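Peer 1: Structure, please.
(one chain, ligands or ions: 1)
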Amino acid sequence: MGSDPNATRGRVRTLKAVAKQKTSSRISREGLFECDASSHRFLDLHTVRSERQNALNEHVGQLLKCRRCPRMQSTPVSGGAIVSEVMLIGQAPGPREPVLLRPFAYTAGKTLFRWFEKSCGMNEATVRSQIYFAAVCRCFPGKNSSGSDRVPAPDEIRNCSSWMDEEIAILQPRLIIPVGRLAIMQFVNCEKLEKVIGRKFRIERAEPGFDVIPLPHPSGASPWHKISPGKELLQRALKIIACHAAIQALNEELNRKDKKLL
Ligand code: SF4
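Peer 2: Take a look at the predicted model:
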């Protein structure tokens with residue numbers, strides 16, 4: 001993996017310029033961006049994808065070396081440099097993820113991947129290979145005095161936010177799925193889960209903007225998603241995710257690849 005932060009920033013700038021062009025373009029069925037008549041320029045999607053892959057490889061390489069927060073109890077956990085139009089944002093890893101070297105590696109992950117399998121027809125391996133996994137904080141915060149996982153402190157959330165901002169700049173996602181209140185709060189107000197789960201929000205924070213569809217945290221610590229109205233709102237949220245154009249595009253691409261293998 002590359003290690004030059006200036007090169008990463010340069011690639012992010014290039015990709016931001018691409019995103020601006022994208023707003024005045026449409027994607028043709030052949031996989032080309034057809035730009036507006038005034039620019040007469042064409043961008044090959046494969047070139048954009050490989051630029052994104054290079055930028056993301058460098059980004060993840062830098063992220064794994066991050067040691068900004070002295071109170072964190074592990075090194076950063078990453079799901080890998082998956083170029084995708086869909087990002088899933090967790091809260092922070094638990095004690096097992098740094099050992100197993102992937103996010104959502106234990107019981108909460110089992111529930112989360114079951115939700116995706118039932119609603120979108122994507123099993124765990126597919127979700128991990130098609131969706132970029134980020135988090136509010138990438139390191140295990142340790143335990144609090146009551147024995148549960150410590151909620152990251154505001155300074156740690158601030159420290160880690162630049163990693164997510166850069167990922168959004170590189171990937172230009174169409175859909176972001178924040179999982180759990182702390183992750184949801186990075187995008188929309190979340191006084192009550194009832195007010196945000198089962199809804200889609202349009203966020204214009206970064207060009208060309210993205211949709212946010214929040215999910216509750218799948219851990220067994222809170223029964224919210226198992227009892228009414230959380231149970232029904234969760235089903236509604238999963239249905240909105242399954243119908244989202246970015247998820248449908250992922251499934252179409254997977255079907256195309258499956259047919260080629262037959
Ligand atoms: S929590 Fe984020 S900012 Fe802090 S050390 Fe880990 S990766 Fe770096």
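Peer 1: in this structure, what spans have low per-residue confidence?
Peer 2: 1-43 (pLDDT under 70).
Peer 1: Grab the most central residue of it for me.
Peer 2: Taking CA atoms, centre = their mean, the centroid of the chain lies closest to Met87, which sits 1.9 Å from it.
Peer 1: Confirm it sits in a strand?
Peer 2: Yes: membership of Met87 in a strand is supported by DSSP: H, G, I helix; E, B strand; the rest coil.
Peer 1: bridging residues for it?
Peer 2: Under DSSP bridges, the beta-bridge partners of Met87 are Tyr132, Ile176.
Peer 1: Any figure for the gap between it and Pro76?
Peer 2: Met87 sits at a distance of 16 Å from Pro76 (criterion: CB to CB, to the nearest Å). Where C-beta positions appear, they are placed from N, C-alpha and C, glycine not excepted.
Peer 1: What is the burial count for Leu175?
Peer 2: 23 (other CB atoms under 10 Å).
Peer 1: contacting residues for it?
Peer 2: 85-87, 210-213, 241, 244, 246-247 (CB atoms under 8 Å, 6 or more residues apart in numbering).
Peer 1: Grab the nearest non-local neighbour of it.
Peer 2: Leaving aside its chain neighbours, Leu175 sits nearest to Ala246 (4.2 Å; criterion: CB to CB, 6 or more residues apart in numbering).
Peer 1: So what's the residue count around that neighbour?
Peer 2: Counted with other CB under 10 Å, Ala246 comes out at 19.
Peer 1: ok so it is a helix residue?
Peer 2: Yes: remark: Ala246 belongs to a helix, assigned using three-state DSSP.
Peer 1: what's the neighbour count on Ile247?
Peer 2: 25.
Peer 1: my guess is it contacts Leu238, does it?
Peer 2: No: assessed by CB atoms under 8 Å, Ile247 is found out of contact with Leu238, at 10.4 Å.
Peer 1: which residues are in contact with both of the two?
Peer 2: Common neighbours of Ile247 and Leu238 (CB under 8 Å, 6+ apart) are Cys120.
Peer 1: ok so, going back, show me which of the contacts of Leu175 is closest to Thr107.
Peer 2: Ile241 (21.2 Å; CB to CB).
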